[in-house]
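Q: Below are the sequence and a predicted model for it; my questions follow.
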Amino acid sequence: MTIDGVAASGKSSVASGVARALGIPYVSSGLLYRAATQLGREAGVRLGDAAALLTHLRARPLRLEALPEGNRVWQGERDLTDELHSSQVDAGVSVVAALPEVRAWVDDQLRALPAPFVAEGRDMGTNVFPQARAKFYLTASARVRAERRSQERPEDVDAVEAALIERDRRDAGQSAPAPDAHVIDTGPLTLEGVIETILQVLPTPTA
Ligand SMILES: Nc1ncnc2c1ncn2[C@@H]1O[C@H](COP(=O)(O)OP(=O)(O)O)[C@@H](O)[C@H]1O
Ligand SMILES: Nc1ccn([C@H]2C[C@H](O)[C@@H](COP(=O)(O)OP(=O)(O)O)O2)c(=O)n1
């Protein structure tokens, strides 16, 4: 199944809760885009230069570890995860995610994972796993999302809201809900409420 949605709509927290209830892993595609951005920044590669970025990424492959409480990204023995949620990565990631070569690099890694799992991101239900048995799309107002995310960033809520709106605009090309997705406004719901809503609409597995 797939959970897509706009920035800070609750995708990874909800995917983690749903996956735990189902006893399967979840995978966070955004972490791979974030890792590509962080590694490009670190190497001094211009983020719009797909060829240079891909050469760099292919030289030292990444491993996405689908832990139930939170995915982690490794490069060899180095755990990159804690570096990937900075405002600097937030600011550069949409440029990297717009590159078709990087999208193919992410998609190949996701499609190689053993099913079943919950996949979360922007285009999981539309592009990467169009055959998924259930699809969800999370939204909430920019203000609500900024209030949540500002708990996790040093910037104030107005700065976080402006950055989220800008990132939504840049990511719009790959962020439309699948026509068969259940759209959930998480604004009036608690995290547990969103997870419960999804579990209730999931089709029961056939024997
Ligand atoms: N329905 C909700 N009500 C309150 N807080 C939520 C809800 N959904 C998510 N959150 C919180 O919002 C923040 C952003 O969620 P996250 O899962 O990181 O979103 P995304 O993966 O879409 O960026 C987290 O701190 C999370 O606990
Ligand atoms: N399937 C995906 C997942 C993420 N992206 C891009 C768009 C986002 O700005 C970044 C980071 O995504 P991530 O889901 O980690 O971050 P947010 O929840 O949006 O804060 O990657 C994408 O283009 N396609």
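A: That came in fine, so what should we check first? Ligands and ions are numbered 1, 2, ... in the order given.
Q: Contact residues of this structure facing ligand 1?
A: 5, 7-13, 148-149, 151-152, 186, 189-191, 194 (C-beta under 6 Å from any ligand atom). C-beta: built from backbone N, CA, C; applies to glycine.
Q: at 8 Å instead, please
A: 5-16, 28, 30, 120, 138, 140, 145, 148-149, 151-152, 186-187, 189-191, 193-194 (C-beta under 8 Å from any ligand atom).
Q: SS state for residue 31?
A: helix (DSSP: H, G, I helix; E, B strand; the rest coil).
Q: Count the residues that sit near it.
A: 24 (other C-beta atoms under 10 Å).
Q: picking up where we left off before, filter the residues of the chain next to ligand 1 down to the ones close to ligand 2.
A: 5-9, 11-12, 28, 30, 120, 149.
Q: give me the element residue 74 is part of.
A: Taking DSSP states H and E as the definition, residue 74 sits inside strand 72-75.
Q: so after that strand, what's the next helix or strand?
A: According to DSSP H and E, the helix or strand after strand 72-75 is strand 78-79.
Q: What average pLDDT does that following strand get?
A: On average, the pLDDT along strand 78-79 is 97.
Q: List of residues touching it?
A: Residues from elsewhere that reach strand 78-79, judged by C-beta atoms under 8 Å, 6 or more residues apart in numbering: 72-73.
Q: roughly how far is it from the heart of the chain?
A: Relative to the mean C-alpha coordinate of its chain, strand 78-79 is positioned 19 Å out (C-alpha atoms, centre = their mean, to the nearest Å).
Q: now stretch 97-105
A: On C-alpha atoms, centre = their mean, the centre of stretch 97-105 falls 14 Å from the chain's centre.
Q: which one of the ones next to ligand 2 among the residues of the chain next to ligand 1 sits closest to ligand 2?
A: residue 30 (2.3 Å; C-beta to the nearest ligand atom).
Q: List the contacts of that closest one.
A: Per C-beta under 8 Å, 6+ apart, neighbours of residue 30: 11-12, 93, 120-122.
Q: just the strands in this structure please.
A: 2-5, 26-28, 63-65, 72-75, 78-79, 118-121, 135-139, 182-185 (DSSP state E).
Q: related to what we said a few turns ago, buried subset of the ones next to ligand 2 among the residues of the chain next to ligand 1?
A: By neighbour count, with 16 or more other C-beta atoms under 10 Å, these hold 5-9, 11-12, 28, 30, 120, 149 as buried.
Q: on that earlier part again, show me what the strand holding residue 74 is packed up against.
A: Helices and strands touching strand 72-75, by 3 or more C-beta pairs under 8 Å, 6 or more residues apart in numbering; DSSP states H and E, are helix 29-43, strand 63-65.
Q: okay, these in TSV with mean pLDDT next?
A: Compiled in TSV, those are given as follows (pLDDT from 0 to 100):
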stretch	mean pLDDT
helix 29-43	97
strand 63-65	95
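Q: Could you identify which of those is most buried?
A: Mean neighbour counts were taken over the helices and strands packed on strand 72-75 using mean count of other C-beta atoms under 10 Å, and the top value, a mean of 22, falls to helix 29-43.
Q: before we move on, back to that, just so I know, which of the helices and strands packed on strand 72-75 lies nearest residue 54?
A: For residue 54, the closest of the helices and strands packed on strand 72-75 is helix 29-43, at 8.9 Å, according to C-beta to C-beta.
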